[in-house]
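Peer 1: Return a 3D structure for these sequence lines:
(chains A and B)
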Amino acid sequence: MSDNGTFTPVIVGFLCNWCSYRAADLAGTSRMGYPATLRDIRIMCTGRLDPTFVLRALQKGADGVLIMGCHPGQCHYQEGNYKAIRRFALLRRTLRQLGIADERVQLHWASAAEGVRFAQTVARVTEQIRQLGPLDWAHNWPNEDPYAVEEAVHE
Amino acid sequence: MSNQKPKLALYWASSCGGCEIAVLGLHEKILNVAEAFDIVFWPCVMDFKYADVEAMEDGEIDVCLFNGAIRNDENAHMAHLLRQKSKVLVAFGACSYGGSMPGLANFSDREAMFQWIYADSPSTINPDGIVPQKRTDVPEGELRLPGFWNTVKTLAQVVPVDYFLPGCPPEASSIEIAVNAIVSGELPPPGSVIGPDVTVCDECPRKKSEKKIKRFYRPQEIIPDPDICLLEQGLFCAGIATRSGCGAKCPQVGFGCRGCYGPNEGVLDHGAKILTGIASVIDAMTAEEAEAIFDTLPDPAGYFYRFHLPDSLLRRKARGNGKRQPVSETGQRGPA
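Peer 2: You can find the predicted model right below:
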């Protein structure tokens, strides 16, 4: 929450090293404005994105996750982003069953030359997640154990 | 009975009783257990009362094999009690380790379950809308029932656990490894899962080559080739991301692994690893092709989290469809 009471989402961004992370750099060096909601994490390729990363981000308090990589056909490793497409399709179905709206976890493309596209994507995704409100995943499991002295640590 | 023998307790919380049968499945080796241990608490097979355990000294039980998930106040009470009274607490079987079948209730919640079970299900006639209460006053006094939780937990989410023995139920060979380790005192570091750290694929004799499938089949839809990897034939199999120790019994008889032995070492989320494996075997180059293929795999979350939903990173479905809900009656929040 920001000071004036409007909700500012926390979005974890997984950006591929070769395209989208450079698009973010371009947006920055070009002084493009976009919401400061994205916490970028650089990965070598969207094909490296283990769904565990997404689940971990949501569990730890992120309101959404934005995965960005090279356009299909332009992957630095030939087909890493095709692997991401397949994995993402199945991840989204799984998240739906866990009650997580599609808008919260999205996959988009931006080449190294597309700083504008990157900034617009972050702005659009931020607004969609802002509309949904906080996810606050931990509130889903309040402590129900009347015998608990303290919560057992379980990672 | 000699007082020198270590004391053994077995308990079932939210479980089906299959783990108890698995212990008896040791056959004549159960006599070795009876010879090596003094069984002080085993409600499934002998008449013990909870008060017998409460009367024990702290740490009096040497080993407690605890099966079943934690879904209500009674399960939690026994988990805390047996932790206090036991030197070594073993989460025995998939339910106490990962939540397993009882844990699938985390795709729902208490309100929805009570609504179905006590009102909407076709065989129910309950015009007065009577649902179980924790306390009920009757002329004879007060009656109590254990509180029913919204979220099923694993044993380790309630009390510290020394060892985990996976399986639904644990195979006799796995139990034997654990019993021998305890009897000989050659135990792995606390917190370990007892058993080998390989995947079911490692033990599965089916022939494996490149996997590129165009659709999934449900088990009743095809008769699989007896020698080729089931996943290559379009049958869901979690063996790619599931710990072995079972001898790959299910895939050998033509039924894909369902993941009961849980994740391998270092895996935070069993379902995510199965998901990754399954997503990598389809023959699709566009999102549309991938979606069409996944249309043939109903209930993916149910497949991926069949045995480890409470133990997963997200633990349960969002309550209230992901919209923020008032915090429950206890007013407390769980750990992040």
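Peer 1: what about the strand or helix carrying residue B:142 and chain A, any contact?
Peer 2: Using DSSP states H and E, residue B:142 sits in strand B:141-144. No - Strand B:141-144 stays clear of chain A (Cβ under 8 Å from any Cβ of the partner chain), getting no nearer than 12.1 Å. Using the backbone N, CA and C atoms, a C-beta is placed for each residue, glycine as well.
Peer 1: can you list contacts of that strand?
Peer 2: B:134, B:135, B:136, B:137 (Cβ atoms under 8 Å, 6 or more residues apart in numbering or on different chains).
Peer 1: give me that answer again for 6 Å
Peer 2: B:135, B:136 (Cβ atoms under 6 Å, 6 or more residues apart in numbering or on different chains).
Peer 1: Kindly report the same for stretch B:95-112.
Peer 2: By Cβ under 6 Å, 6+ apart, stretch B:95-112 touches B:14-15, B:66-69, B:71, B:91, B:94, B:148, B:150-152, B:154-155, B:164, B:166, B:168, B:262, B:307-311, B:316-317, B:319.
Peer 1: on that earlier part again, now do the strand holding residue B:142, average pLDDT.
Peer 2: Mean per-residue pLDDT for strand B:141-144: 94.
Peer 1: Each with direction, which strands does that strand pair with?
Peer 2: Its sheet considered, strand B:141-144 pairs with strand B:135-138 (antiparallel) by DSSP bridges.
Peer 1: now chain A, which segments are flagged as low pLDDT?
Peer 2: Along chain A, the model assigns pLDDT under 70 to residues A:1-5, A:149-155.
Peer 1: Spell out which residues of it are next to chain B.
Peer 2: Selection of chain A residues close to chain B by Cβ under 6 Å from any Cβ of the partner chain yields A:51-52, A:55-56, A:59, A:82, A:85-87, A:89-90, A:93-94, A:97-101, A:133, A:138, A:140-147, A:151-152, A:154.
Peer 1: per-residue confidence at the nearest residue to residue B:241 once chain neighbours are set aside?
Peer 2: Spatial nearest neighbour of residue B:241, chain neighbours left out: residue B:273 (3.8 Å); criterion: Cβ to Cβ, 6 or more residues apart in numbering or on different chains. For residue B:273, the model assigns a pLDDT of 97.
Peer 1: Confirm that residue B:273 lies within a helix, as I assumed.
Peer 2: Yes - assessed by DSSP: H, G, I helix; E, B strand; the rest coil, residue B:273 belongs to a helix.
Peer 1: quick one: it and residue B:267 touch, right?
Peer 2: Yes - Residue B:273 is within contact range of residue B:267, at 5.4 Å (criterion: Cβ atoms under 6 Å).
Peer 1: These two - which one has more neighbours?
Peer 2: residue B:273 (23 against 18; other Cβ atoms under 10 Å in any protein chain shown).
Peer 1: show me where chain A has helices.
Peer 2: Applying DSSP state H to chain A gives helices spanning A:20-29, A:51-59, A:80-97, A:115-132.
Peer 1: quick one: which of the ones you listed is nearest residue B:128?
Peer 2: helix A:80-97 (34.2 Å; Cβ to Cβ).
Peer 1: Who are the packing partners of the closest one?
Peer 2: helix B:270-279, helix B:287-294, helix B:300-304 (3 or more Cβ pairs under 6 Å, 6 or more residues apart in numbering or on different chains; DSSP states H and E).
Peer 1: picking that back up, and the residues of chain A next to chain B, which of them are buried?
Peer 2: Buried subset of the residues of chain A next to chain B (neighbour count, 16 or more other Cβ atoms under 10 Å in any protein chain shown): A:51-52, A:55-56, A:59, A:82, A:85-87, A:89-90, A:93-94, A:98-101, A:140-145, A:152, A:154.
Peer 1: Next up, the contacts around residue B:297.
Peer 2: Taking Cβ under 6 Å, 6+ apart, we find residue B:297 in contact with residue B:216.
Peer 1: rewinding a little: in strands only, show me the contacts of stretch B:95-112.
Peer 2: Residues from the contacts of stretch B:95-112 lying in strands, with DSSP state E as the criterion: B:66, B:67, B:71, B:91, B:148, B:150, B:151, B:152, B:164.
Peer 1: Can you tell me which of those residues are buried?
Peer 2: The buried subset of those - by 16+ other Cβ under 10 Å - is B:66, B:67, B:71, B:91, B:148, B:150, B:151, B:152, B:164.
Peer 1: ok, for residue 62, nearest residue in space, not its chain neighbours?
Peer 2: Because you didn't say which chain, this covers chain A. residue A:12 (4.6 Å).
Peer 1: other chain: chain B
Peer 2: Residue B:62 sits nearest to residue B:6 (Cβ to Cβ, 6+ apart), 3.8 Å away.
Peer 1: What of residue B:245?
Peer 2: Leaving aside its chain neighbours, residue B:245 sits nearest to residue B:195 (3.8 Å; criterion: Cβ to Cβ, 6+ apart).
Peer 1: Check the burial of the one you found by counting its neighbours.
Peer 2: 23.
Peer 1: That one - that's part of a helix, no?
Peer 2: No - checked against three-state DSSP, residue B:195 lies outside a helix; its state is coil.
Peer 1: pLDDT at it, what is it?
Peer 2: At residue B:195, pLDDT is 87.
Peer 1: now do residue B:25
Peer 2: For residue B:25, the pLDDT comes out at 83.
Peer 1: ok, now residue B:320?
Peer 2: Reported pLDDT for residue B:320: 63.
Peer 1: among the contacts of stretch B:95-112, which are in reach of chain A?
Peer 2: Among the contacts of stretch B:95-112, chain A is touched by B:151, B:316, B:317, B:319 when using Cβ under 6 Å from any Cβ.
Peer 1: ok, back up a step: mean neighbour count, the helices and strands packed on helix A:80-97: which tops it?
Peer 2: Of all the helices and strands packed on helix A:80-97, helix B:270-279 has the most neighbours on average by mean count of other Cβ atoms under 10 Å in any protein chain shown, namely a mean of 26.
Peer 1: Give me the contact list for it.
Peer 2: A:51-52, A:55, A:86-87, A:90, B:238, B:240-241, B:262-263, B:267, B:304-305, B:308, B:312.
Peer 1: Swap in 8 Å and give it another go.
Peer 2: Contacts of helix B:270-279 (Cβ under 8 Å, 6+ apart): A:50-52, A:55, A:83, A:86-87, A:89-91, A:94, B:98, B:231, B:236, B:238, B:240-242, B:259, B:262-263, B:267, B:290, B:297, B:300-301, B:303-305, B:307-309, B:311-313.
Peer 1: report the angle between the axes of it and helix B:287-294?
Peer 2: 110 degrees (axes from the mean of the first three to the mean of the last three Cα atoms, to 10 degrees).
Peer 1: could you check the angle helix A:80-97 makes with helix B:270-279?
Peer 2: Orientation check (the same axes, to 10 degrees): helix B:270-279 against helix A:80-97 gives 130 degrees.
Peer 1: Now do helix B:270-279 against helix A:51-59, angle only.
Peer 2: Going by the same axes, to 10 degrees, helix B:270-279 makes 140 degrees with helix A:51-59.
Peer 1: Can you report how many residues lie near residue A:129?
Peer 2: Residue A:129 has 27 nearby residues by other Cβ under 10 Å.
Peer 1: Could you list which residues are in contact with it?
Peer 2: Contacts of residue A:129 (Cβ under 8 Å, 6+ apart): A:9, A:11, A:37, A:63, A:64, A:103, A:104.
Peer 1: picking up where we left off before, which of the helices of chain A sits closest to residue B:82?
Peer 2: Comparing the helices of chain A by Cβ to Cβ, helix A:51-59 comes nearest, at 28.8 Å.
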